[in-house]
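*Asks:* pasted the sequence and its predicted model underneath.
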Amino acid sequence: GNRGLGFELIKVFLADGNDVLSLVRSEHAKYVIENDFPQCSVVVTDITNYSTLKELDCLTKNNIDILINNAGGGGHGTSVTNTESDEIEEQFTVHCLAAFNVIKAAYTSLVTSDNPIIVNISSRVGSISKNASGEFAEKGFSYSYRIANGAQNMLTQCLSQELGPRGFKVCALHPGRLLTSSGASDAHMDPYESAHIIYKMLVENEIQNGVYYCVETGTIPW
């Protein structure tokens, strides 16, 4: 939550009077958020470690209406010869396993909501359909980032099918081609604009269970 889309989401949610909790990985990140948004609750933790998360009262013993998994980052290797297995493992751990950990730890807090929503911030490059069509060929997208987002998308589908009948809405969401430090070469959208669109989708009840959304095109094929 201390930069990019996460920072703008905090800004938008707080501006409309919501209670916001942000999980971050460093004291510096916590300082950045608290310096601008003293009303935001911030907890430093390791979301790749479920044992740590399940001990957090703020996550396990609250009323949570909306959970947004936004942690992630870009990869480097763009071919089988220059991609390291460690990079793929690291990307999978952050994008997929960490999201699973947070959702599992927060489950008891989510079920108290009348309309629990889980939004997994994904990417267009996680779409197997788009990759199979050749849309991203020769675009320089990394193996690890695409694989990790594809895995997270499968997690979203698993969750939507299990939790949908229990009143949950679970979706994947590509926030657009954002102008951030890890943005793609064709990035053009300010994170603040994306955050506003996402918030509008949430408050106007546009989010449906099991859908792969895109703030630019509406939806993306899985």
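*Replies:* Perfect, thanks for sending it. Residues are numbered from 1 along each chain as shown.
*Asks:* OK, contacts around the residue in the chain sticking out farthest from the centre?
*Replies:* Most distant from the centre of the chain: Thr81, at 29.0 Å, with distances by Cα atoms, centre = their mean. Under the criterion of Cβ atoms under 8 Å, 6 or more residues apart in numbering, the contact list for Thr81 is empty. Any C-beta I mention is one placed from the backbone N, CA and C, and that applies to glycine too.
*Asks:* list the buried residues in the worst-scoring helix or strand of the chain on mean pLDDT.
*Replies:* Sorted by mean pLDDT, DSSP states H and E, the helices and strands of the chain end with helix 191-203, the least confident at a mean of 93. Along helix 191-203, the positions that meet the burial threshold by neighbour count (16 or more other Cβ atoms under 10 Å) are Pro191, Glu193, Ser194, Ala195, His196, Ile197, Ile198, Tyr199, Met201, Leu202.
*Asks:* re earlier: for the residue farthest from the centre of the chain, which three-state class applies?
*Replies:* coil (DSSP: H, G, I helix; E, B strand; the rest coil).
*Asks:* low-scoring stretches of this protein, by residue?
*Replies:* The chain contains residues with pLDDT under 70 at 178-188.
*Asks:* which parts of it are helices?
*Replies:* In order along the chain, the chain carries the following helices (DSSP state H): 4-15, 27-36, 50-53, 57-60, 85-92, 98-110, 128-132, 143-163, 191-203.
*Asks:* run a quick neighbour tally on Ala29.
*Replies:* Applying other Cβ atoms under 10 Å, we find 19 residues neighbouring Ala29.
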